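Participant: A predicted structure for the sequence below; I have some questions about it.
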Amino acid sequence: MPVSKAAPSMKKPQEASISITGLAKRFEKSPLYQNFSLEIPGGQITCIFGPNGCGKSTLLNMIAGLIPLDSGQVRFGGRALKDIKIGYVFQNYRDALFPWLRAIDNIKYPLSSTGVSSRQCRLRAEELIHQFDVGFDLNRYPYELSGGQQQLVSIMRSLATKPKILFLDEPFSALDYESTLSIRDKLQDVFISTGVTIVMVSHDLEEAVYLADNIVLLTKRPTQIAEVITFNAGRPRTPNILSDPEFVRLKAYSLDVFRREANRS
Ligand SMILES: Nc1ncnc2c1ncn2[C@@H]1O[C@H](COP(=O)(O)OP(=O)(O)OP(=O)(O)O)[C@@H](O)[C@H]1O
């Protein structure tokens, strides 16, 4: 089966690519990652998938600088985290949005809190509203919005600063199916129009293959890479792709790898 076992090689450090080398992390006495290395290409969508508790969120959070590494290095096109703009979307949108701010002010917050003029904040918010084709009232507070609307606001907020890399931790896991499909396609549209590097943890294999250029399949802990599978289908991908023979084949293959790793003792 022609499945690549390594991320596509790059001739030179690409802007917004991510190189993880020799990463180690343990909680209490138990190692989660030991000498873990991974190349994530810039300008592509990479989904991280693996057995429960193998450390998907921890990996994302270490790359994004939210959790310290014990040792190892993460570089972004050869640069440090502080030199690149990132956005982050949390799994739990209920805790992520500021409840005392209207949705529109949540979206503007990454700009307004860093001294960007109110005019620039408004223009950027308008751009995002247009890009996401928002059809609900952003003057409402988060508690007045549905879960899907709140998560859409979270994603818009994460993009306010025009990040080069967007991290998402299971962004659809708490949403109903209709919201998931709609937001997933909006996210893909943003990717197509901006080329932002997207790194996403997913617990849904179909969703991962649907969205990703690369699916990183992890082992049980101490966690290593089981396979990196690439899917080169063009974009925009639509639900028609679900019956595409290559999609079906890669999904089945990914599931085999996942089962093998989940059942490994
Ligand atoms: N702050 C912490 N303190 C102690 N152990 C932790 C901490 N955070 C994570 N862990 C451990 O690391 C393991 C990996 O956690 P993580 O949430 O990254 O896994 P995951 O693959 O994202 O999980 P899930 O499949 O449930 O979403 C967990 O099983 C947990 O035991």
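Facilitator: Okay, I see it.
Participant: what does the chain put close to the ligand?
Facilitator: 27, 32, 52, 53, 54, 55, 56, 57, 58 (Cβ under 6 Å from any ligand atom). Heads up, the C-betas are built off the backbone N, CA and C, glycines and all.
Participant: any chance of those residues in CSV with pLDDT, secondary structure and neighbour count as columns?
Facilitator: As requested, the residues of the chain next to the ligand are arranged in CSV below (pLDDT from 0 to 100; DSSP: H, G, I helix; E, B strand; the rest coil; neighbours: other Cβ atoms under 10 Å):
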residue, pLDDT, secondary structure, neighbour count
27, 94, strand, 11
32, 97, strand, 20
52, 93, coil, 8
53, 93, coil, 12
54, 95, coil, 24
55, 96, coil, 23
56, 97, helix, 23
57, 97, helix, 17
58, 97, helix, 19
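Participant: looking at those residues, which is nearest residue 216?
Facilitator: residue 56 (9.1 Å; Cβ to Cβ).
Participant: which residue is nearest the middle of this protein?
Facilitator: The centroid of the chain falls nearest to residue 200 when counting by Cα atoms, centre = their mean (2.4 Å).
Participant: how far away is that residue from residue 193?
Facilitator: The gap separating residue 200 from residue 193 is 18 Å, by Cβ to Cβ, to the nearest Å.
Participant: among the residues of the chain next to the ligand, which pair sits farthest apart?
Facilitator: So, these by Cβ to Cβ: farthest apart are 27 and 52, at 15.3 Å.
Participant: now the residue lying closest to residue 204 once chain neighbours are set aside: which helix or strand?
Facilitator: Of all residues not flanking residue 204 in the chain, residue 172 sits nearest, at 7.3 Å (Cβ to Cβ, 6 or more residues apart in numbering). Using DSSP states H and E, residue 172 maps to neither a helix nor a strand.
Participant: was I right about residue 172 contacting residue 203?
Facilitator: No. Residue 172 lies out of contact with residue 203 (Cβ atoms under 8 Å); the separation is 9.3 Å.
Participant: the more surrounded of those two?
Facilitator: Using other Cβ atoms under 10 Å, the more surrounded residue of residue 172 and residue 203 is residue 172, with 22 against 14.
Participant: give the contact list for the more buried one.
Facilitator: 151, 179, 180, 183, 184, 202, 204, 207 (Cβ atoms under 8 Å, 6 or more residues apart in numbering).
Participant: at 7 Å what do you get?
Facilitator: Neighbour list for residue 172: 180, 183, 184, 207 [criterion: Cβ atoms under 7 Å, 6 or more residues apart in numbering].
Participant: next secondary structure after the worst-scoring helix or strand of the chain on mean pLDDT?
Facilitator: In the chain, no helix or strand scores lower on mean pLDDT, DSSP states H and E than helix 93-96, which sits at a mean of 88. Where DSSP H and E defines the elements, the next helix or strand beyond helix 93-96 is helix 103-112.
Participant: give me the helices and strands touching that next one, please.
Facilitator: helix 118-132, helix 147-159 (3 or more Cβ pairs under 7 Å, 6 or more residues apart in numbering; DSSP states H and E).
Participant: out of these, deepest packed?
Facilitator: Of all the helices and strands packed on helix 103-112, helix 147-159 has the most neighbours on average by mean count of other Cβ atoms under 10 Å, namely a mean of 23.
Participant: give me the phi and psi for residue 67.
Facilitator: phi -130, psi 130 (degrees, to the nearest 10).
Participant: beta partners for residue 227?
Facilitator: Beta-bridge pairing of residue 227 under DSSP bridges involves residue 217.
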